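1. Here is my input, please return the structure:
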Amino acid sequence: MTTIFKGARLFSSTAEDSDRPGTTSGSFYNCMVIKDDVIVHVGQESDAVVQEARKAGATEIDLEMHLVVPGFIDSHTHIS
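-> Now for the predicted structure:
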């Protein structure tokens, strides 16, 4: 099962972001593709991966500009 999450503010801080013009420690994108519970793409809605998923019948969910931080782990926890 493939799902496209679109219309979001997705933050990515992967190593590949440092190779993109105008980026330093992370970037914001507007679309994410998940296939079988695995994030396979974070980028723009116009990217080829997104278009291919759409043509294959992926479910689309509009996140209405909510902030998403895929892979973010909050290590600031208080365990009692």
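2. switch to C-alpha atoms for all contacts and neighbour counts from now on
-> OK.
3. so residue 40 is in which element?
-> In the assignment (DSSP states H and E), residue 40 maps to strand 38-43.
4. oh, I was asking about residue 54
-> Using DSSP H and E, residue 54 sits within helix 48-55.
5. Give the buried residues for that helix.
-> 49-50, 53-54 (16 or more other CA atoms under 10 Å).
6. ok, now stretch 52-70?
-> 53-54, 58, 68.
7. Nearest spatial neighbour of residue 53, chain-adjacent residues omitted?
-> Nearest non-adjacent residue to residue 53, counting by CA to CA, 6 or more residues apart in numbering: residue 2, 7.1 Å away.
8. residue contacts, that neighbour?
-> By CA atoms under 8 Å, 6 or more residues apart in numbering, residue 2 lies in contact with 33-36, 53, 58-59.
9. Residues touching the helix or strand of the chain with the lowest mean pLDDT, excluding its own?
-> The helix or strand of the chain with the poorest confidence is strand 67-68; it has a mean of 83 (mean pLDDT, DSSP states H and E). For strand 67-68, contacts defined as CA under 8 Å, 6+ apart pick out 8-11.
10. out of those residues, which is most surrounded?
-> Compared across the contacts of strand 67-68, residue 10 has the highest neighbour count, 22 neighbours, by other CA atoms under 10 Å.
11. In this structure it contacts residue 28, no?
-> Yes: assessed by CA atoms under 8 Å, residue 10 is found in contact with residue 28 at 5.2 Å.
12. ok, longest strand in this protein?
-> Identified as the longest strand of the chain according to DSSP state E is strand 2-12.
13. quick one: that one to chain centroid distance?
-> 4 Å (CA atoms, centre = their mean, to the nearest Å).
14. which element follows that strand toward the C-terminus?
-> strand 27-35.
15. Which elements pack onto that next one?
-> strand 2-12, strand 38-43, helix 48-55 (3 or more CA pairs under 8 Å, 6 or more residues apart in numbering; DSSP states H and E).
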